[in-house]
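# Generate coordinates for the sequence data below:
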Amino acid sequence: MMQDYQQELIVIRDLLKKNPNGMSVTDISKALKKNKNTIGRYLDILLISGQVDMRTYGMAKVYSISQRVPLSAMLSYSKELIMVLDSELRILDVNANFLHLLHLSREGTVGKNISFLQSPQADVHELLDNISPDMGERENTVTFQVKEQGERIFHEKCIPTVFDDGQRGITIILEDVTEHILAEREIRKSEERFRMMSDNIQDGLMIVENGKTIYANNRLAEITGYSLKELWAMPSTLTIIAPECHDEATQHIRDIENNPDKPNSLQMWIIRKDRERRFVYLRISGVRHNESFYNFIIFTDMTAQKAQEVQIRENEQRFRMMAENIQDGLLIIENEKIVFANRRINEISGYSNEEMAAMGLHGTIIVEEISKISVSGMIPPSDMNKIEDLVKSVQPDSGVPGEFKIWITRKDGAQRFLQGKVTATRHKEMTSTYITLTDITGFAERERNLRERIDALQELLH
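Prediction:
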């Protein structure tokens with residue numbers, strides 16, 4: 001009976017080979033003078049085993065011989081690893097690539113149940129654990145540990161198979177995807193490192209690809225008060241920019257569009273979602289990769305620094321207002337140069353700030369005439385450099401000022417008598433010396449006149 005059954009299948013295949021356009025069940029039954037139901041059962045067997053193809057035209061079914069590649073050719077020429085199993089999981093065939101990986105011979109492999117497959121070269125338990133006689137078509141990823149090669153990763157396809165004799169089995173196809181998977185892993189690791197870095201830096205980061213935002217870190221959401229989804233949905237970055245900064249920001253955007261490769265930066269005020277104003281510093285750079293152009297925008301929240309800058313400016317303004325309105329002259333010396341002189345110093349010395357800065361303390365106010373110093377009786381004629389030495393000797397932040405009195409010569413040649421105090425402070429590497437000068441010329445002249453009268457009376461008495 002089996003031989004008759006196989007013979008009938010051969011006859012039907014031969015008939016279909018002679019009719020490459022296909023034949024219906026009725027056509028085949030007439031040609032072979034067989035019952036249509038019998039011919040239909042034979043065609044079902046051929047269809048299930050993949051030996052014929054079927055096409056439908058309305059209600060009619062047309063059968064033609066299947067254009068198949070012989071299994072032996074597929075095993076020989078395929079780059080994949082292929083193994084064919086019967087319904088009891090015995091190995092019917094295996095290609096050379098599979099045998100080479102397992103380091104096994106064909107004679108020692110074909111005919112054995114796959115569950116007893118042991119390789120001296122590779123650990124294949126992950127493949128064996130997932131194979132069963134009743135499993136359907138599936139795809140999976142399996143990993144082998146191969147000596148001297150390490151991890152090898154395969155995309156596994158298990159295909160239910162029907163053989164020419166109608167028996168069922170399984171074809172296992174393994175595609176080596178090691179390099180692809182390892183590259184994906186490395187990309188994922190790089191992405192994880194990038195995300196960990198970008199989400200933990202203190203600056204906001206936005207990446208724009210061909211004009212479309214593709215990434216923004218959490219810090220950017222913290223700075224702006226908007227969620228990342230809300231930021232991506234914004235029609236324009238001008239939405240969060242303060243109105244007074246729109247024109248400048250628009251010009252910068254145009255510059256970036258015209259010169260995308262040129263780094264750019266700008267400072268501006270933004271308005272957060274909660275309406276709080278923040279001052280940000282943006283650095284924008286661009287890079288072209290293949291067909292895409294990327295902009296990297298870094299946001300630094302400078303609000304605290306801006307407030308500190310404003311506070312410093314206000315303090316400086318208050319200091320200048322105070323310094324310009326006190327009745328004493330004030331000099332500030334840093335690195336042996338006059339960096340500040342108030343208006344009262346100009347009035348006392350007759351020199352402008354520029355002249356004071358250019359000539360220095362000694363060149364502008366210290367009298368070179370020993371007789372004038374001698375008349376004052378305050379500084380010995382032998383020590384012309386006493387004031388300069390005094391300035392150098394005052395210890396920063398000591399709280400103990402140096403004091404002196406001295407005659408000076410104004411720019412117009414007039415003589416003035418001054419009382420001075422010297423203090424100093426240190427900030428980091430910078431020492432600042434403060435000299436306050438009080439004009440006591442009137443007191444000195446009255447004292448001199450009184451002394452002259454006393455001397456005149458003494459002469460009369462003698």
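
# going forward, measure contacts and count neighbours with C-alpha atoms only.
Fine.

# In the stretch 101-250 of the chain, where is pLDDT below threshold?
The model of the stretch 101-250 of the chain has pLDDT under 70 over residues 164-166, 236-237.

# Where do the helices of it begin and end?
Per DSSP state H, counting those that start in this stretch, the stretch 101-250 of the chain carries helices over the ranges 125-128, 178-198, 218-224, 228-233, 246-258.

# residues of the second one that come out buried?
So the one you mean is helix 178-198. S198 (16 or more other C-alpha atoms under 10 Å).

# burial measure for I240, as a count.
Per other C-alpha atoms under 10 Å, the neighbour tally for I240 reads 19.

# That one against D274, yeah?
No. Using C-alpha atoms under 8 Å as the test, I240 is too far from D274 to be in contact (11.1 Å).

# For F340, give its distance to L330.
8 Å (C-alpha to C-alpha, to the nearest Å).

# Distance to E354 for the helices of the stretch 101-250 of the chain - can I get that in a markdown table?
A markdown table is the format used below for the helices of the stretch 101-250 of the chain (distance: least, C-alpha to C-alpha, whole Å):
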| stretch | distance to E354 |
| --- | --- |
| helix 125-128 | 87 |
| helix 178-198 | 50 |
| helix 218-224 | 45 |
| helix 228-233 | 53 |
| helix 246-258 | 36 |
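
# so who does the residue lying closest to H246 once chain neighbours are set aside touch?
Distances taken as C-alpha to C-alpha, 6 or more residues apart in numbering put L238 closest to H246, at 6.7 Å, once the chain neighbours are dropped. Shown in contact with L238 (C-alpha atoms under 8 Å, 6 or more residues apart in numbering): H246, A249, T250.

# Show me which of those is closest to I201.
Nearest to I201, judged by C-alpha to C-alpha, of those is A249 at 24.7 Å.

# what number of residues lie near S285?
Applying other C-alpha under 10 Å, we find 16 residues neighbouring S285.

# so it is in which element?
Using DSSP states H and E, S285 sits in strand 277-289.

# What helices and strands are in contact with that strand?
Where contact means 3 or more C-alpha pairs under 8 Å, 6 or more residues apart in numbering; DSSP states H and E, strand 277-289 is packed against strand 264-271, strand 292-301, helix 303-325.

# Looking at the helices of the stretch 101-250 of the chain, which is nearest to T303?
helix 218-224 (10.2 Å).

# mind listing what's buried in that closest one?
Of the residues in helix 218-224, N218, R219, L220, A221, I223, T224 count as buried by neighbour count, 16+ other C-alpha under 10 Å.

# now swap in stretch 315-334 and tell me
Those would be A323, E324, D328, G329, L330, L331, I332, I333, for stretch 315-334 by 16+ other C-alpha under 10 Å.

# which residue is nearest the middle of this protein?
S198 (5.0 Å; C-alpha atoms, centre = their mean).

# I207 is in contact with that residue, correct?
No. In this structure, S198 is not within contact of I207 by C-alpha under 8 Å, at 11.1 Å.

# So, low pLDDT: which residues of the stretch 351-462 of the chain?
356-357, 359-385, 387, 462.

# Go again with 80.
Residue ranges of the stretch 351-462 of the chain with pLDDT under 80: 353-392, 397-399, 408-409, 444, 448, 455, 459-462.

# on that earlier part again, closest to R90 among the buried residues of stretch 315-334?
The nearest one, if we look at those relative to R90 and count by C-alpha to C-alpha, is I333, at 98.3 Å.

# Tell me the spatial nearest neighbour of the closest one, not counting adjacent residues.
T433 (5.0 Å).

# returning to that earlier point: I'd like the buried residues of stretch 315-334 as CSV, with secondary structure appended.
Putting the buried residues of stretch 315-334 into CSV (DSSP: H, G, I helix; E, B strand; the rest coil) gives the following:
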residue, secondary structure
A323, helix
E324, helix
D328, coil
G329, strand
L330, strand
L331, strand
I332, strand
I333, strand
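
# Could you pick out the one among those with the lowest pLDDT?
Across those, the smallest pLDDT goes to A323, namely 77.

# re earlier: my guess is the residue nearest to I333 contacts K337. True?
No. Counting by C-alpha under 8 Å, T433 stays clear of K337, with 9.9 Å between them.

# Between the two, which has more neighbouring residues?
T433 (23 against 16).

# Quick check: bridge partners of the more buried one?
For T433, the beta-bridge partners under DSSP bridges are I333, A424.

# Let me see the contact set for it.
T433 touches I332, I333, E334, V391, V422, T423, A424, T425, counting by C-alpha under 8 Å, 6+ apart.

# Greatest separation within those residues: which pair is it?
E334 and V422 (13.2 Å).

# give me every residue that touches the closest residue to Q327 other than its chain neighbours.
Among residues not flanking Q327 along the chain, R344 sits closest, at 6.7 Å (C-alpha to C-alpha, 6+ apart). R344 sits next to E324, I326, Q327, D328, G329, L330 when contact means C-alpha under 8 Å, 6+ apart.

# Same list (these) but as CSV, adding distance to S105.
Conversion of the contacts of R344 to CSV gives the following (distance: C-alpha to C-alpha, whole Å):
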residue, distance to S105
E324, 102
I326, 105
Q327, 108
D328, 107
G329, 105
L330, 101
